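# sequence first, predicted model second:
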Amino acid sequence: MSSPVPLSHRALVLESTTAGFHLQTVPTPLPTPGSAVLQILQAGIISYHREIYDGTRHYAFPQPLVGGSSAIARVAALGPDAVALTVGQLVFVDCVVRGRDDPSELFLTAISEGARAGSKKLFRDVWRDGVWAEYARMPLENCVPLNEARLCKELGYGVKELMYLCHLLVPFGGLRDIKVEPGETVVVSPATGGYGGAAVKVAVALGARVIAMGRDEGKLAALKEHVLKGAPGASIETVRITGDEKADTAALMAFGTVDAVLDLSPPEAGKSTHLKSAVAALRRGGRVSMMGFVDVPAASWKLVGDDITLKGKLMYEREDMFQFVKMLERGLYPKGKDLVDAKTFALEDWKEAMDVAAEYNGIGKLVSFAP
Ligand SMILES: NC(=O)c1ccc[n+]([C@@H]2O[C@H](COP(=O)([O-])OP(=O)(O)OC[C@H]3O[C@@H](n4cnc5c(N)ncnc54)[C@H](OP(=O)(O)O)[C@@H]3O)[C@@H](O)[C@H]2O)c1
């Protein structure tokens, strides 16, 4: 299962947002107290990684660094204070690093240093390098054990399919944050993107009815077909975003009571009216998880008079990951290859990989490195 940790390994090093990446041979980190050294099997690439690393998105992070976000890995070596993880174990590597003496100081590995002095210090001085490498060192608490026998042998997941956790966990965090219950109706907007599609899968697994919003009828039809293939009994409806705020609200309300909304809009959808339409369709006491970037609906009679909760959410909490893995191990998600269709790339093909990731998005799609 595990082989000796080599003294050096290959890693994709971003010199700067202007100089781009170089595949370099670098020393393999040693397992210090509080850390695990991981052999990276799959490393996720998000649709806007290219925009982050070429500076278009203006995310702040120290440079140079090894790129990345989340990963599926095998534990290669452990710090002396590890008490539960074992060498050779399969783990999900969480990209959210939190301060141990103050978990509110958090940053996203190799992506964003966060807003506070503590998270910036942790990123810059301690956990600078990400997982786009053959080996990486991460905090022990960022390694979430996966029951390999159950997931891979019994349920048929490969490591490529397990990498899709990086997409599924984000909407799981938002849906749990607004306490979505089985049987409730949730609007996912927009649902045709990578995280939006993952949100639909998660909401269905939670037992909710989903109304998926999107601009493109064809994509919405394909999304519905995909969901029903993996979860034949799923309750899923679709509504096209027309830009007519009132008409879109009426289309949502035609399906009856709407309990909650999960929004995962990219910045380019900033002026779209779909979130306003969805909020207007909510029942009294409805909840909204705002995980994307569209205008916040202004205070109105609807918000105040109907006791609407609007909550922002960054990623997910640590306990969400463990709850999610329990659901996966109980078989509550589509099995193995029905969950995701993944394209993988070698580290040296980093440019093509990020270009493909920018285009190959939507429900059940994922692009990753197989270092
Ligand atoms: N809060 C968090 O923790 C968190 C974590 C991860 C990501 N996010 C946010 O989620 C966003 C989506 O990421 P992704 O990887 O899913 O992106 P993606 O795969 O590129 O999907 C983008 C989605 O937005 C839709 N869209 C684009 N422009 C639009 C417009 N003008 N009006 C209405 N809809 C529009 C697309 O619709 P079409 O299919 O019609 O093109 C698609 O459904 C990110 O940009 C990020 O800001 C938040």
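Looks like it came in fine.
# domain parsing of this protein, as residue ranges.
Residue ranges for the domains of the chain, per automatic domain parsing: 8-164+340-369, 167-312.
# quick one: stretch 94-114 near the ligand?
No: using C-beta under 6 Å from any ligand atom, stretch 94-114 stays clear of the ligand, coming no nearer than 8.3 Å. No exception for glycine: its C-beta is placed from N, CA and C like everyone else's.
# and for stretch 171-183?
No: Stretch 171-183 stays clear of the ligand (C-beta under 6 Å from any ligand atom), getting no nearer than 6.9 Å.
# same question for stretch 231-238.
No: using C-beta under 6 Å from any ligand atom, stretch 231-238 stays clear of the ligand, coming no nearer than 12.3 Å.
# Ser70 - nearest residue in space that isn't next to it in sequence?
Cys166 (3.9 Å; C-beta to C-beta, 6 or more residues apart in numbering).
# residues contacting that neighbour?
Cys166 is in contact with Gly44, Ile46, Ser69, Ser70, Cys95, Leu366, counting by C-beta atoms under 8 Å, 6 or more residues apart in numbering.
# can you get me a residue count around the residue of the stretch 101-250 of the chain found nearest the ligand?
In the stretch 101-250 of the chain, no residue comes nearer to the ligand than Gly193, which is 2.0 Å away by C-beta to the nearest ligand atom. Gly193: 23 surrounding residues under other C-beta atoms under 10 Å.
# OK, contacts around the nearest residue to it once chain neighbours are set aside?
Nearest non-adjacent residue to Gly193, counting by C-beta to C-beta, 6+ apart: Asn361, 5.7 Å away. Going by C-beta under 8 Å, 6+ apart, Asn361 touches Ser47, Gly193, Gly194, Gly197.
# switch the contacts of Cys166 over to JSON lines; also include distance to Asp295.
Compiled in JSON lines, the contacts of Cys166 are given as follows (distance: C-beta to C-beta, whole Å):
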{"residue": "Gly44", "distance to Asp295": "29"}
{"residue": "Ile46", "distance to Asp295": "23"}
{"residue": "Ser69", "distance to Asp295": "27"}
{"residue": "Ser70", "distance to Asp295": "29"}
{"residue": "Cys95", "distance to Asp295": "27"}
{"residue": "Leu366", "distance to Asp295": "29"}
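# check the residues you listed and tell me the two furthest apart.
Spatial extent of the contacts of Cys166 (C-beta to C-beta) is set by the pair Cys95 and Leu366 at 14.7 Å.
# ok so, going back, before we move on, which element is the residue nearest to Ser70 in?
helix 165-177 (DSSP states H and E).
# for Ile211, same thing?
Element membership for Ile211, per DSSP H and E: strand 209-214.
# pLDDT at Leu339, what is it?
The model reports Leu339 with a pLDDT of 88.
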